[in-house]
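Engineer: following is a predicted model, sequence given first.
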Amino acid sequence: MNIKIRMGMIGGSLDGFIGSVHRMAAALDGKIELVCGAFSSDSNRSIETGNSLYLPADRIYASYEEMILKEAQLPSNVRMQFVSIVTPNFLHANPAALALQHGFHVLCEKPLALSLDEAIKLEKLAKQTCLLFGVTHNYTSYPMVKEARQLIQSGKLGKLRKVIVEYPQGWLAEPIESDGQKQASWRTNPKQAGISCCVGDIGTHAAHLAEYVTDLTIQELSADISTFVDGRLLDDDVNMLLRFEKGVKGLLIATQIAHGEANELKIRVYGESGGIEWLQSNPNFLHIKQNDKPEQILQAGTNHSYLSEQTRLHCRIPAGHPEGYIESMANLYRNFSIAVDSFENKKSINPLFDFPTIEDGVRGMKFIETAISSGKQNAKWLSL
């Protein structure tokens with residue numbers, strides 16, 4: 001990669017929070033340059049955001065349509081090469097489709113679309129254009145998550161038996177959407193979030209993490225869906241039984257009404273020979289547990305030769321220096337930029353620098369719709 005990969009952004013205005021996270025992550029490795037943006041449906045807010053990021057006035061756009069159409073007319077060595085979409089759910093599919101139609105790679109926030117039908121159409125378009133499409137399930141970009149996957153694939157745990165994955169939050173324990181809190185307002189609004197709040201917002205992260213770490217797909221689920229806050233239109237809690245392929249059983253808990261919890265994402269996997277545990281609030285450590293041995297704790301770090309090659313490639317600094325959420329997101333952006341560079345220079349894409357794809361995004365939408373359908377049928381077992 002001799003020049004930076006040029007990125008455009010849709011969404012991510014100054015009054016949001018996730019846009020700045022994406023921009024920091026994209027910039028961390030120095031491989032990506034933000035060259036344009038349509039940061040808000042409010043043109044004044046988009047201009048204000050673009051100015052604060054020191055973008056040229058003619059690369060700050062009033063709408064995503066204007067941005068994509070005008071960028072497509074620029075010389076190939078000037079225009080953006082991919083677009084990062086960081087809007088609410090209902091503004092994922094149309095911008096992504098328009099970008100693909102005009103020759104731009106796409107990196108999109110999850111869930112992929114407002115509905116499964118939208119997601120499937122988008123997947124077909126991505127395959128027709130042969131362009132790259134990533135989805136920002138960034139939790140699987142943590143180094144020790146990759147180490148957990150590698151250990152399981154190596155047979156360290158033996159034949160898998162059980163998976164427990166949890167994602168508790170507490171920020172929606174009160175009806176803050178009634179007071180106009182922006183992040184709560186759109187996530188609890190079916191017109192903007194789709195058919196789910198909790199399952200779509202964090203349950204999909206938990207499910208994707210479980211499938212990635214185990215390299216197994218969820219085949220059936222039984223979901224007990226709840227809305228605890230009076231007047232809320234979408235779910236804020238789910239308890240779910242899972243049946244993976246190869247007879248592995250699982251449990252998924254996701255909630256946004258657990259007072260005092262922030263983003264305590266946790267996964268435990270147990271096999272015939274041992275178990276592993278990883279916790280996002282302490283992400284640099286992976287616990288290995290076996291009945292006849294003391295607990296072993298593996299630590300992230302570029303200097304730890306006992307880690308797999310892929311894990312070390314996703315560590316940035318020696319052990320003892322904490323890495324966290326921004327770095328995991330940066331790993332995803334770096335890997336996507338490497339893929340874009342390889343694609344455009346007709347080189348093979350290195351599988352060690354993996355990232356969630358549109359197929360993962362479609363699977364996430366299937367997960368949401370299956371879970372909500374199960375919940376409406378009194379936790380009926382349904383195939384995924």
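Structural biologist: It's in. This structure is a prediction, so every number in the text was calculated from the model and none was measured.

Engineer: Ile120 - nearest residue in space that isn't next to it in sequence?
Structural biologist: Closest residue to Ile120 apart from its sequence neighbours, by Cβ to Cβ, 6 or more residues apart in numbering: Val362 at 6.3 Å. C-beta: built from backbone N, CA, C; applies to glycine.

Engineer: now do the buried residues in the helix or strand hosting that neighbour.
Structural biologist: According to DSSP states H and E, Val362 maps onto helix 358-376. By neighbour count on 16 or more other Cβ atoms under 10 Å, the buried set for helix 358-376 is 358, 360-372, 374-375.

Engineer: the residue lying closest to Ala262 once chain neighbours are set aside: neighbouring residues, count only.
Structural biologist: Distance criterion Cβ to Cβ, 6+ apart; nearest residue to Ala262, sequence neighbours excluded, is Gln169 at 6.7 Å. By other Cβ atoms under 10 Å, the residues close to Gln169 number 20.

Engineer: correct me, but Gln169 touches Asn263?
Structural biologist: Yes. At 6.3 Å, Gln169 and Asn263 qualify as touching, with contact defined as Cβ atoms under 8 Å.

Engineer: before we move on, back to that, and the buried residues of helix 358-376, which is closest to Ile253?
Structural biologist: Ala371 (12.5 Å; Cβ to Cβ).

Engineer: is it true that the closest one touches Ile195?
Structural biologist: No. With contact defined as Cβ under 8 Å, Ala371 does not count as touching Ile195 (9.6 Å).

Engineer: how much space between the closest residue to Leu116 other than its chain neighbours and His22?
Structural biologist: Distance criterion Cβ to Cβ, 6+ apart; nearest residue to Leu116, sequence neighbours excluded, is Met365 at 4.4 Å. Separation of Met365 from His22 (Cβ to Cβ, to the nearest Å): 21 Å.

Engineer: the most centrally placed residue in the chain and Leu122, how far apart?
Structural biologist: In the chain, the centroid-proximal residue (Cα atoms, centre = their mean) is His137; its distance is 1.7 Å. His137 sits 16 Å away from Leu122, going by Cβ to Cβ.

Engineer: ditto for Pro356
Structural biologist: 14 Å.

Engineer: now do Thr214
Structural biologist: Thr214 is 26 Å from Leu122, by Cβ to Cβ.

Engineer: cool, and Trp171?
Structural biologist: According to Cβ to Cβ, Trp171 stands 29 Å off from Leu122.

Engineer: and these two? Which one has more around it.
Structural biologist: Between Trp171 and Leu122, Leu122 has the larger neighbour count (other Cβ under 10 Å), namely 25 against 17.

Engineer: which strands or helices does the helix or strand containing the more buried one pack on?
Structural biologist: Secondary-structure assignment from DSSP H and E places Leu122 in helix 116-129. Where contact means 3 or more Cβ pairs under 8 Å, 6 or more residues apart in numbering; DSSP states H and E, helix 116-129 is packed against helix 93-101, helix 358-376.

Engineer: doesn't Gln299 make contact with Phe285?
Structural biologist: Yes. Assessed by Cβ under 8 Å, Phe285 is found in contact with Gln299 at 5.7 Å.

Engineer: comparing those two, which residue is more hemmed in?
Structural biologist: Taking other Cβ under 10 Å, Phe285 and Gln299 do not tie; Gln299 has more neighbours (17 against 13).

Engineer: quick one: contacts for that one?
Structural biologist: Asn284, Phe285, Ala319, Gly320 (Cβ atoms under 8 Å, 6 or more residues apart in numbering).

Engineer: please report how far the closest residue to it other than its chain neighbours lies from Arg312.
Structural biologist: Ranked by Cβ to Cβ, 6+ apart and with sequence neighbours excluded, the top spatial neighbour of Gln299 is Ala319, at 4.9 Å. As judged by Cβ to Cβ, Ala319 and Arg312 stand 11 Å apart.

Engineer: overlap of the contact sets of these two?
Structural biologist: Counting by Cβ under 8 Å, 6+ apart, the shared contacts of Ala319 and Arg312 are Thr302, His304.

Engineer: those two: who's more crowded?
Structural biologist: The residue with more neighbours, out of Ala319 and Arg312, is Arg312; 19 against 14, by other Cβ under 10 Å.

Engineer: next one, pLDDT for that one please.
Structural biologist: pLDDT for Arg312: 96.

Engineer: remind me what the helix or strand hosting it packs against, helices and strands.
Structural biologist: Using DSSP H and E, Arg312 falls within helix 309-313. Using 3+ Cβ pairs under 8 Å, 6+ apart, the elements in contact with helix 309-313 are helix 143-153.
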